[in-house]
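1. using only what follows, build the 3D model:
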Amino acid sequence: MAIWCRCIFILLVALATTSAATALDASPVRMRGEIVGVHGQSLSIRTRDGRTVRVELTSDAKVVFVVPAKLETVAPGTFVSTIAIPRSDSRLTALSVIVHPKEMSGAGEGQHPWDLTKETTITNGTVRRAEANAGGYVLTLRYHDREKTVVAPSDTSVVILESGDTGGLRLGRHVFMPAASQRPDGTFSTTLIAIGKDLVPPM
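-> Purely as a prediction, here's the structure:
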């Protein structure tokens, strides 16, 4: 498996299995924020709650770029992650759709709680149907032996993942870390970072 595919595989597994931690929990946490300082492998991140924290990339840290895509690319047979909120009719409304390479099909498959906003879930599955309508698309996702219908409005954030490198760590860029570990001194370390290219990673 190519290095970039391994990076995305690791991210997919992290998306499927990492639990959000409480303030008293030493487990890895999801971290979202903006780069406000770059010092070699060490970053200063302003998190979405307004704190500024120091994050150290491990020597073997993997980097993934998050790149804009169009909703029309979400065709049948595509393996995706949808981050969504519940609807009153048992379907979901997508806040974002992450399109994965074909080589990643089936990785981290399933539906799990998520913390992008209140009540969000993440569903990793294969698109069985993608039906366009005036307001966007209606997607039918298959995972394990289940199907879920996800309504994706026309303004849904759609992204693809590409191989990245530390050269993409620039001031002002927004990042997402699915499993940042806190050290005793209050700083964090991570083995994986996703960098938004002209966007905020919608994860």
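2. who does His39 form a beta bridge with?
-> Ser42 (DSSP bridges).
3. could you count how many residues lie near it?
-> 9 (other CB atoms under 10 Å). C-beta coordinates here come from the backbone N, C-alpha and C atoms, glycine included.
4. ok, now how distant is it from Ile83?
-> 31 Å (CB to CB, to the nearest Å).
5. where are the low-confidence patches of this structure?
-> 1-26 (pLDDT under 70).
6. so where do the strands sit in it?
-> Using DSSP state E, the strands of the chain run over 29-39, 42-47, 52-68, 79-86, 92-99, 110-113, 121-133, 136-143, 146-153, 157-163, 174-182, 188-196.
7. just put those strands in TSV and tack on distance to Met203.
-> Output for the strands of the chain, formatted as TSV (distance: least, CB to CB, whole Å):
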stretch	distance to Met203
strand 29-39	8
strand 42-47	14
strand 52-68	8
strand 79-86	7
strand 92-99	7
strand 110-113	13
strand 121-133	8
strand 136-143	17
strand 146-153	16
strand 157-163	8
strand 174-182	5
strand 188-196	7
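8. for the residue nearest to Leu71 when sequence neighbours are not counted, give the beta-bridge partners.
-> Among residues not flanking Leu71 along the chain, Val158 sits closest, at 5.2 Å (CB to CB, 6 or more residues apart in numbering). For Val158, the beta-bridge partners are Val97 (DSSP bridges).
9. how many neighbours does Val158 have?
-> Neighbours around Val158, by other CB under 10 Å: 22.
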